[in-house]
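> Make a model of this:
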Amino acid sequence: MSTSVTVLTSIVYELCEVEKDNLTDKEQYEAYIVALLAQVNTIKRTIFIQSLAIVNEQEYRQFIVHKYRTLTALASLLKEALSKKENEDSFDALLLKEVLTQTRVLIYFVRAHFPQALKISGEGQQLPSIEKIKLDVTSGAMAAITKAFVKSTPNISNKSQEEILPYIVAHFNSKKTDDIAITTFKKNYYSPAPADIGEAIIFLTKMIRYLRNLKI
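Got it, this is the predicted structure:
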């Protein structure tokens, strides 16, 4: 785990230190994304395996808290670097956004699987363990519903839009899978397929019908 986090930390720090855009084409960008996703999967696997191998309760908590603090610090560094980018559509800026998204996915992963090891600072209370909510729709329809929610909300910031996607993936399941890939979800969010839109409409229509039948 230390090796995985060290590699991710080095990647993030180097990306955030770059003042001028270095990525010039889509192939470079996509190559970075492939490497990033592989690293994220390695970190998840190693966190889980190594944490369960720790017998001492205090060492176990320290291990998890250290990973959580590291990932939170990386997310903060990435957000600061993004705020300094003049061109939000450059490949470098897009890469920073993707790294931030994946870092948040890791943060949610730690919170979801190790809530007993994490405590809210200064209050001594454990972070709540939230069981994933399974919706009776495909992940594509879920992405379309999320987009409808975001786009119909007035004055929602770009930052909030970026943060809500990993949150949905971390806390909701589709009817076909218990582990929604963030990259696929983002693709379906930004470019929803007609079939997914149709399924989302059916799902939302059921919700409207339920609300109309509520007794006030």
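> so which strand or helix has Val169?
Taking DSSP states H and E as the definition, Val169 sits inside helix 158-171.
> For that helix, output the C-alpha coordinates as PDB.
Taking Å, rounded to 0.1, in the frame of the first residue of the first chain, the C-alpha atoms of helix 158-171 are listed here in PDB:
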ATOM      1  CA  ASN A 158     -19.000  23.200 -11.800                       C
ATOM      2  CA  LYS A 159     -17.300  22.100  -8.600                       C
ATOM      3  CA  SER A 160     -20.500  20.600  -7.300                       C
ATOM      4  CA  GLN A 161     -21.200  18.800 -10.600                       C
ATOM      5  CA  GLU A 162     -17.700  17.300 -10.500                       C
ATOM      6  CA  GLU A 163     -18.200  16.100  -6.900                       C
ATOM      7  CA  ILE A 164     -21.600  14.600  -7.300                       C
ATOM      8  CA  LEU A 165     -20.600  11.900  -9.800                       C
ATOM      9  CA  PRO A 166     -18.200  10.000  -7.600                       C
ATOM     10  CA  TYR A 167     -20.700  10.400  -4.700                       C
ATOM     11  CA  ILE A 168     -23.400   8.700  -6.700                       C
ATOM     12  CA  VAL A 169     -21.100   5.900  -7.700                       C
ATOM     13  CA  ALA A 170     -20.000   5.400  -4.100                       C
ATOM     14  CA  HIS A 171     -23.500   5.200  -2.600                       C
END
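> so where do the helices sit in this structure?
With DSSP state H as the criterion, the chain has helices at 2-17, 26-52, 57-83, 91-113, 139-151, 158-171, 182-190, 194-213.
> Nearest to Lys132, out of these?
Smallest distance to Lys132 across these (CB to CB): 5.9 Å, for helix 158-171. Every residue, glycine included, has its C-beta placed from N, CA and C.
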